[in-house]
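A.B. asks: pasted the sequence and its predicted model underneath.
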Amino acid sequence: MIFKNKKILLHLFIIFLLFFGFKSNGDETQNTVEIKNPIFTTKSIDGSPYEIKAEKGLQREEFLDLFVIEAKLKTNKDIWIYLNADKGTFYQSSGEIFLESNIEIYTEADEKIFAEIASVSTNDKIITLKKNVKYQDSNIFISADESIINDEFSNITYYGNVKSKILKK
């Protein structure tokens, strides 16, 4: 009899978990709004413009999941920094963008940086790159585990296993 009661309790517990698990997933779906081709054009705290575009977005309460992203931000020195990624998350309140998968960052001066993960603070104009970071321009190739870009793209610091190659002309 005790074994049978435990078995019934176990079944009730599993049904309880399944019911509330599906209910919470349903609630999450109800609070999510799909947006096709979202575009955000705004200014950072210092007044520098930035724009974020994507093929698709999923708006949740405090953030927006983005897919196939094209973004750009302008430095105080009037240099545009362009960012592309397969997916990411944008927090409108803080102006932070977290990017992942096939990240490419480039400038009008033909500088390119690639990484697998990036964090962008649009207000501070600090870009943190992680995993398989690669920088290249016409004369230099650098690879590293991590990198931080600050001072409006004029200061790039590399960390971890750093390798560089400088081409002579």
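C.D. replies: On my side now, so go ahead. Residues are numbered from 1 along each chain as shown.

A.B. asks: C-terminal to the worst-scoring helix or strand of the chain on mean pLDDT, what's the next element?
C.D. replies: When each helix and strand of the chain is scored by mean pLDDT, DSSP states H and E, helix 2-30 comes last, with a mean of 52. Using DSSP states H and E, the helix or strand that follows helix 2-30 in sequence is strand 33-36.

A.B. asks: that next one: partners in the sheet, and parallel or antiparallel?
C.D. replies: strand 49-59 (antiparallel) (DSSP bridges).

A.B. asks: who touches the partner strand?
C.D. replies: Residues outside strand 49-59 that contact it (CB atoms under 8 Å, 6 or more residues apart in numbering): 32-44, 64-74, 90, 95, 97, 122. Just so you know, the C-beta spots here come from the backbone N, C-alpha and C atoms, and that holds for glycine as well.

A.B. asks: so what secondary structure elements neighbour whatever helix or strand comes next after that strand?
C.D. replies: Using DSSP H and E, the helix or strand that follows strand 49-59 towards the C-terminus is strand 64-74. Packing partners of strand 64-74 (3 or more CB pairs under 8 Å, 6 or more residues apart in numbering; DSSP states H and E): strand 49-59, strand 80-91.
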